[in-house]
Structure formats: C-alpha cells, structure tokens
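*Asks:* okay, here's the prediction I keep looking at, along with the sequence it came from:
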Amino acid sequence: MLWLFLILPVMTVTSRSFNISDKSTSKAISDRLIELVTQGAFRGVTYYRLAALADTIGPRLCGNESLTQAVNWVRDVMVSEGLENVHVERVEIPHWIRGEERARLIQPRYAKLSMLGLGNSIGTGSNGIQAPVLVVRSFDELTARCAEAQNKVVVFNPQCDWEAQPIGCYDIVVAYRHNGASHAAKCGALASLSRSAASHSIDSPHTGRLSYDPAYSKIPAASLSVEHADMLERFQQRNQLIEIFLYMEAQTLPNVIGYNLVAEIKGSSLPNETVLVSGHLDSWDVGQGAMDDGGGAMISWTVLSLLHSLNIRAKRTIRCVLWSCEEFGGKKTFFIIDFQSLII
C-alpha cells in the first residue's frame, strides 16, 4: 500500500487543465504550487517519498540489485499517478563491491582506524598489508620525498581552511582521494590512504571514487577520518614509528545493465523542446543516500507530480530523469534557465 500513500496528493488536488500563456497565469500557477508545497496537500510529500526510499530500499550502490529495486519502485508509482512517457532506458554500468575491510594501527600503539575503501579500489589480498607509514600534505611533498614512500603506506593529509573556502576545499581535498593512489604507486608505495573530504568529522570517514593512472600499478586505496589522519601526522612530527595493517576485499566485477528512469509532462505548444529536472538514484553502500542524491531525485519527481496534479502544461516538455551510477562517474550537465521565459 506504500504506492497508494505516495500518490494520494495527486488524487486529491486535480483540477481543470492549465496551458500557461501569459505572465498573470504563470504567477497564479506559481502561487498555487507554492501553496500546495508549503501548506496544502503536497506538504511533506517529497520528504515522505525520500524517507520511504531510504528506509525501505536503503543503500543503492551502482550495479547492486537494490538500485534496480529503487528504479522499479519509483517507476510503478509514476505510472500509477498518471505521469506521461514513463519508461526506463538501459545503460551499461560498473559493478564494484566493497567486501570486508578494516585498518588497524600497530605502532606506536594498537588501535582501530576509521576507514572506508574507495570505489574502484582493488583489494589487499587475503593476507592484508602491514607496513610503515609516510604522511604527506601534498603531491609536491610526496614528489620531494618519493624515495621514502617505497614499500610504505602513503597517507595524504591535505590542509585547507574550510571556513574560508567551504566549496573550494572540497575540490582540493578530493583530488587526493581521486588521484592519490597512482601518485603513491609511482613512488613504490603499497597502499594509499587519504584524509576524508569533510569540513567537520565525528570520526566518520567519507568514501568516494578513485581513478587509476594506467601508467602505474594499482594499489589499494581508502579514506581515513579527519581525526585519524591528523593523529598519524602528529606521530610523524614526533618522529615516532608508525605502522598499520590494512585489509580490503574490494573488487570490480564485470559491468552490468542498469536503468535510467524517465517521465514527462508534454509541452502544450513546444513539445519538442525540453526542460530537464533530474537527480541520481544510486548512492554509496555505507549510507542511505538521502542527501546524495535521494533528495534531488525525489524533488525532481515531485516537480512532475505537482504539475500533473493541477493539470498544468507548460509550453515546453518537462522531463524528469533519475540517473543510475553517478557515484561511479556518471556525468551531469547544468544549465542556467530563465524559468519565466520557458513557461509563458
């Protein structure tokens, strides 16, 4: 009965059809949509859809059956509420699995390290890797100390002022997650660990995707919590011996078939021109993917539900696409849109 709960707003607010043709009409429609979302039948609908997705299906890792379940669930509800041209489009997607993983500090004391393997990483093998550690803050520092990295685990601990650069710092830190393994491998390292790309932490590592440079050997790669990356650097600053054990079962399986989900409301006078609203349904396997990007996907879906509930047809076709596998490299294109010019 979950699907029925999710389409009740559509069933309760339908009214006469609108073809938006002038500014006064578009203003009235905008006011009505805002009223529905903030005070009316659609208040909380996006949240409840998101909660149902996150609670009932949970993590939706690219290539995993749970992602297909999510696509089918949303598609069935879209069809039930009467959206147009609801269909899936096949796409070949990668299939990486995490498996068991752990990291432990061996020297100068024994302790569990908070880590998450990075998407696309290889595993360590059944015996794991136990080796000394070299901590660096940048690729330039690694280059200068390349000889020291031989047969060690390289830990990238980049520093950035997140308060001054809340967006810029993310890109700076992610570069080490994305490219660090190959830089470390170039210097003969056995594995690569990178500081989590987060402004704040509660000892919570942040996963993501890495890329290997084909010019160098692949080595296992994972992220460390902010606290543990800093701790390892403090050990090094005190000239203490640092040794860790890393175990990862990660592996990449053959590609599988996934599905992008599409639904529309055809335009009234320019149906061959399209306004796209979209988000990605896939998520990482270690969380529910509520914000990245379940929220964006549910918002995009509810845009169509709102318009359909009022029988609104804009001049152009409004198309919702819920993508598969953004977390493993799916690309997005963004447009700056003058919405007023599109709907009148």
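*Replies:* Everything's here; your move.
*Asks:* pLDDT weak spots in this protein?
*Replies:* Filtered on pLDDT under 70, the chain yields the residue ranges 1-24, 330-344.
*Asks:* so it: which segments form each domain?
*Replies:* As given by automatic domain parsing, the domain ranges for the chain are 8-96+254-343, 99-249.
*Asks:* not counting its neighbours along the chain, what's nearest residue 165?
*Replies:* residue 172 (7.7 Å; Cβ to Cβ, 6 or more residues apart in numbering). For every residue, glycine as well, the C-beta is placed using N, CA and C.
*Asks:* mind listing what's buried in the helix or strand the one you found falls within?
*Replies:* Element membership for residue 172, per DSSP states H and E: helix 168-186. Buried residues in helix 168-186, counting neighbours by 16 or more other Cβ atoms under 10 Å, are found at 169, 173-186.
*Asks:* before we move on, what about stretch 210-217?
*Replies:* Applying 16+ other Cβ under 10 Å to stretch 210-217 flags 210, 212 as buried.
*Asks:* roughly how far out does it sit from the chain middle?
*Replies:* In terms of Cα atoms, centre = their mean, to the nearest Å, the centre of stretch 210-217 is found 22 Å from the chain centre.
*Asks:* gap between the two ends of that stretch?
*Replies:* Stretch 210-217 has an end-to-end distance of 14 Å (Cα to Cα, to the nearest Å).
*Asks:* can you pull out the helices in the chain?
*Replies:* For the chain, the helices defined by DSSP state H occupy 2-13, 23-38, 45-52, 65-81, 139-144, 168-186, 226-237, 295-309, 339-343.
*Asks:* so which of the ones you listed is the most packed in?
*Replies:* The highest mean neighbour count among the helices of the chain, using mean count of other Cβ atoms under 10 Å, belongs to helix 295-309: a mean of 22.
*Asks:* chain center to that helix: distance?
*Replies:* When distances are taken as Cα atoms, centre = their mean, helix 295-309 is centred 19 Å away from the chain's centroid.
*Asks:* contacts for it, please.
*Replies:* Contacts to helix 295-309, defined as Cβ atoms under 8 Å, 6 or more residues apart in numbering, come from residues 7, 9-10, 13-14, 33, 36-37, 41-42, 45-46, 49-50, 53, 74, 78, 81-83, 263-265, 277-281, 312-314, 318, 320-322.
*Asks:* ok, the residue nearest to residue 112 when sequence neighbours are not counted to residue 114 distance?
*Replies:* In this structure, residue 112 finds its nearest non-sequential neighbour in residue 104, 5.8 Å apart by Cβ to Cβ, 6+ apart. Applying Cβ to Cβ, to the nearest Å, the value for residue 104 to residue 114 is 11 Å.
*Asks:* same deal with residue 258?
*Replies:* Distance from residue 258 to residue 114, counting by Cβ to Cβ: 31 Å.
*Asks:* contact partners of stretch 154-169?
*Replies:* With contact meaning Cβ under 8 Å, 6+ apart, stretch 154-169 is reached by 133-138, 142, 172-173, 175-176, 180, 183-184, 187, 189, 191-195, 199-200, 224, 229-230, 232-233.
*Asks:* no further questions, thank you.
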